[in-house]
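S.K.: sequence first, then the predicted structure, then my questions.
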Amino acid sequence: MINRTASFARLLLDARRSQSQLDATISARLKKVLVAATSVPHYRDQMRSAGYDPRQDFTGPKDLEVLAITLKTDIKSSPESFVQKEESGRLQRYFSDRTSGSTGMPLTVYRSPNERAVQMAKWLRVLVASGYRPTDKVLSFTSPGRLAEGRSILQHFGLLRRQAVDYTLSPESLANSLLQYQPDAVYGVRTSLLMVAEELERRGISAPPIKLLLAGGEVIDAQTRRRCRQAFGTDVTETYGTVEMGVMAYQMRGQSGLSLIEDCTLFEFLDEQGNPAMPGQLARIVVTDLHGGLMPFIRYDQGDLVTYSLRQNTRGETVRVIDRIIGRQDDAAPLPDGRFLTYLDFYEIMDIYPGVERFRIRQHAPDSFSIELVASQDYYHTIQEELLTKLQDLSLFFLRFNLRLVERIEPDPGGKMRILVSEVTK
């Protein structure tokens, strides 16, 4: 509790600083991370090969270029080389968390008590910035392995109250949890929120008064925003985070785009060739955790595609903002002509058909797709031919689309539902 309070206090101070004031803090934190990484075999070896020692040679964030980009496959192939060498045999002493494995590659992440406190403080700061108050009741739809998180003696005094619900439960159970707990704030992945929204609609009832609805973990599209607004009576506040890094960006209320938490994470937006991407250009997110020591994540490719822009903040400073999260790199669908389709290409077509409640696309070959649709049979028959024509217009090459009407699209085993799933090896 002391660690969490101290971490939260430091992050609150960071939030009040100007970008120029934060630059020195960011640089100091990065140096500390790089120095710690000299005891991590993977990064130590790269630094030695480059003739670089951060204890003597550190100049700033540009130093990261001496290190190669780290992929999840790198860590999976040799996990022991990504943790502090002297701690690799006693990791059971530390907090561990596991990614969902939605890409087929679950990963175990280890953190020290101080690092864990920072991760929780980051999330609490996002909640507070979004309108949360310590006396509010929070309902979270979360993975089965994380149901015990967030418990604290303060909850006995009506503070930081939270009820966690397994997001792999049925829509009926999720909706019942909402109605019974009567929370002030709700957060979960898009799939869970949509399942609850649809269940409330099926019952013909509204959610209890909710002042804060946060969503993350999946692409949040306009249809999700409309349906959640209708069901929960409030707008979705989008967040972006991962198990590896914690929360990294969030939507400030009343604003579009996601503000970067740059005092905790160093961001690189890169194009396909690994060069800095321009604003508005499709980019990979590569990140460095500025609080990682036990298991540092340095130049870590999140596997996500986004676009970003430059804006002025309330102080008149130019900052980067994520405009749109496109989805996972793994789910960009390669076509016979070498181009790629993302979920947005399909969404912009599907969004003009209000009778399509939900859809999922699977790519089986460069020219072959199947699409599951949730809609009434009568509506489906009225749009089928037009929809196929619009889908064909996505490419100059002939593409085969197998449309299939279904009653329900089930989430993946991890509780999420990817909109576009490509089975084609890139």
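M.R.: Happy to help now that I have it. Because the structure is predicted, anything quoted here is derived from the model rather than measured.
S.K.: any idea of the mean pLDDT for stretch 167-187?
M.R.: What stretch 167-187 shows for mean pLDDT is 93.
S.K.: what does stretch 70-81 give?
M.R.: 90.
S.K.: now it, how far from the centre of its chain.
M.R.: The chain centre lies 20 Å from the centre of stretch 70-81; the measure is CA atoms, centre = their mean, to the nearest Å.
S.K.: what sits up against it?
M.R.: Here stretch 70-81 makes contact (CB atoms under 8 Å, 6 or more residues apart in numbering) with 40-42, 82, 88, 103, 105, 107-108, 297-301, 303. C-betas here are computed from N, CA, C, even on glycine.
S.K.: just the buried positions in it, please.
M.R.: Residues 70, 72, 74, 75, 79, 81 are the ones in stretch 70-81 that count as buried (16 or more other CB atoms under 10 Å).
S.K.: OK, contacts around residue 179?
M.R.: Counting by CB under 8 Å, 6+ apart, residue 179 has contacts 205, 207, 208.
S.K.: quick one: residue 311 and residue 323 touch, right?
M.R.: No: using CB atoms under 8 Å as the test, residue 311 is too far from residue 323 to be in contact (9.4 Å).
S.K.: who touches both of the two?
M.R.: Common neighbours of residue 311 and residue 323 (CB under 8 Å, 6+ apart) are residue 257.
S.K.: show me where the stretch 1-150 of the chain has strands.
M.R.: Ranges of strands within the stretch 1-150 of the chain are 95-98, 108-111, 137-142, based on DSSP state E, counting those that start in this stretch.
S.K.: likewise for the stretch 151-300 of the chain?
M.R.: 161-166, 185-189, 212-216, 236-242, 246-250, 258-260, 265-270, 283-289, 300-312.
S.K.: which of the three states applies to residue 394?
M.R.: Under DSSP: H, G, I helix; E, B strand; the rest coil, residue 394 falls in the coil class.
S.K.: per-domain residue ranges of this structure.
M.R.: The chain breaks down into these domains under automatic domain parsing: 2-118+241-328, 332-422.
S.K.: from residue 243, how far out is residue 78?
M.R.: 19 Å (CB to CB, to the nearest Å).
S.K.: then residue 293?
M.R.: 17 Å.
S.K.: okay, these two: which has more neighbours?
M.R.: residue 293 (20 against 17; other CB atoms under 10 Å).
S.K.: surely that one and residue 84 touch.
M.R.: Yes: the criterion here is CB under 8 Å, and residue 293 meets it with residue 84 at 7.3 Å.
S.K.: between those two, which contacts overlap?
M.R.: By CB under 8 Å, 6+ apart, the residues touching both residue 293 and residue 84 are residue 36.
S.K.: for residue 89, give me the pLDDT.
M.R.: 86.
S.K.: same question but for residue 149, I mixed them up
M.R.: 65.
S.K.: partners of residue 166 in the sheet?
M.R.: Here residue 166 sits in beta bridges with residue 142, going by DSSP bridges.
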